[in-house]
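[1] Sequence and predicted structure are below.
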Amino acid sequence: MTNPLRGEVVRLYKTLLFLGREYPKGADYFKDRLRAAFAKNRDVKDPEKIKELISRGEFVVKELEALYFLRKYRALKKRYYDIDE
């Protein structure tokens, strides 16, 4: 019998893997940390605990997106506005 939350976990993993491509410390660093985090919680069977871990992962997704948007904003601001003024 498979866990009904498996699809959500796989989707979260793929999303994080995709977002990790632009991580400041490098994609390989992010991929190794992501794999370790998911392997650490591999044996969790309680559906409530799994939902809690999924919500934590979704929080990380939002934080990464905010990090990337901020980095792009700073790059555009630096490019188009003179800071010396």
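    That came in fine, so what should we check first?
[2] And the helices in this protein?
    6-19, 27-40, 47-80 (DSSP state H).
[3] Output those helices as TSV; include the columns mean pLDDT and mean neighbour count.
    The C-beta positions use only the backbone N, C-alpha and C, and glycine is treated the same way. Compiled in TSV, the helices of the chain are given as follows (pLDDT from 0 to 100; neighbours: other CB atoms under 10 Å):
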stretch	mean pLDDT	mean neighbour count
helix 6-19	94	14
helix 27-40	95	13
helix 47-80	91	12
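[4] Find me the pLDDT at Ile83, would you?
    Ile83 is assigned a pLDDT of 64 by the prediction.
[5] same question, Met1
    pLDDT, Met1: 41.
[6] Kindly export stretch 52-60 (C-alpha atoms) in CSV.
    Only the C-alpha atoms of stretch 52-60 are listed here, as CSV (Å, rounded to 0.1, in the frame of the first residue of the first chain):
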residue,chain,number,x,y,z
GLU,A,52,4.0,19.0,8.9
LEU,A,53,7.2,18.3,7.0
ILE,A,54,5.5,19.2,3.7
SER,A,55,4.4,22.5,5.1
ARG,A,56,7.9,23.2,6.2
GLY,A,57,9.2,22.3,2.7
GLU,A,58,6.6,24.7,1.2
PHE,A,59,7.9,27.4,3.5
VAL,A,60,11.4,26.8,2.2
